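Colleague: coordinates only, sequence not included:
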């Protein structure tokens, strides 16, 4: 049975969450390539919402997890993509904390800029792949993450 268009569109939207959390990693990269700032536009409403509400990141996370992933009335395609996007977001947030703690002394070093740019490019590649697969009506198969998502949803 083909996936309806509205499910494909909503599947696209949930991947904006990890992208919005990866954008701060790209400040050096976007300074070097100003055209990349256009890639931040899809995440702008979510960034404004998260910054406008106290603990906005956490609230959006729990809202998606409780209202979508744990709700058996929501179609499987949406639950799958939402949980996968949340797992990617957890990885991005943990990388942000690790960079803040471990790489703080190197705040202006080449290594920090290189690692930050790598995180942004990797998250952008994951998000673009997920968007393309959602448009095609297929589950984005990310190694390791997709298996964990399937185990949680069954």
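Modeller: Okay, I see it. Nothing here was measured: the structure is a model prediction, and the numbers come from that model. Numbering: from 1, shown residues only.

Colleague: quick one: contacts for the residue most central in space within the chain?
Modeller: Taking CA atoms, centre = their mean, the centroid of the chain lies closest to residue 18, which sits 1.6 Å from it. With CB atoms under 8 Å, 6 or more residues apart in numbering as the criterion, the residues that contact residue 18 are 85, 88-89, 91-92, 123, 126-127. (C-beta placed from N, C-alpha, C; glycine too.)

Colleague: per-residue pLDDT, it?
Modeller: What the model reports for residue 18 is a pLDDT of 94.

Colleague: likewise residue 106?
Modeller: Note on residue 106: pLDDT of 60.

Colleague: what does the one 4 residues further on give?
Modeller: Note on residue 110: pLDDT of 79.

Colleague: could you report the neighbour count for it?
Modeller: Applying other CB atoms under 10 Å, we find 9 residues neighbouring residue 110.

Colleague: flag the shaky bits of this structure, pLDDT-wise.
Modeller: Across the chain, the ranges flagged by pLDDT under 70 are 103-108.

Colleague: run the chain-centre distance for stretch 133-147.
Modeller: Relative to the mean C-alpha coordinate of its chain, stretch 133-147 is positioned 13 Å out (CA atoms, centre = their mean, to the nearest Å).

Colleague: where does the nearest residue to residue 139 once chain neighbours are set aside fall, secondary structure wise?
Modeller: Closest residue to residue 139 in three dimensions, ignoring its sequence neighbours and counting by CB to CB, 6 or more residues apart in numbering: residue 80, at 5.6 Å. With elements delineated by DSSP states H and E, residue 80 resides in helix 76-102, which encompasses its position.

Colleague: by contact count, what packs against that helix?
Modeller: Counting by 3 or more CB pairs under 8 Å, 6 or more residues apart in numbering; DSSP states H and E, the packing neighbours recorded for helix 76-102 are helix 5-14, helix 16-22, helix 56-64, helix 110-136, helix 145-153.

Colleague: what comes up buried for that helix?
Modeller: By 16 or more other CB atoms under 10 Å, the buried positions in helix 76-102 come out as 77-89, 91-92, 95-96, 99.

Colleague: stretch 53-61 too?
Modeller: Within stretch 53-61, the residues that qualify as buried are 57, 60-61, counting by 16+ other CB under 10 Å.
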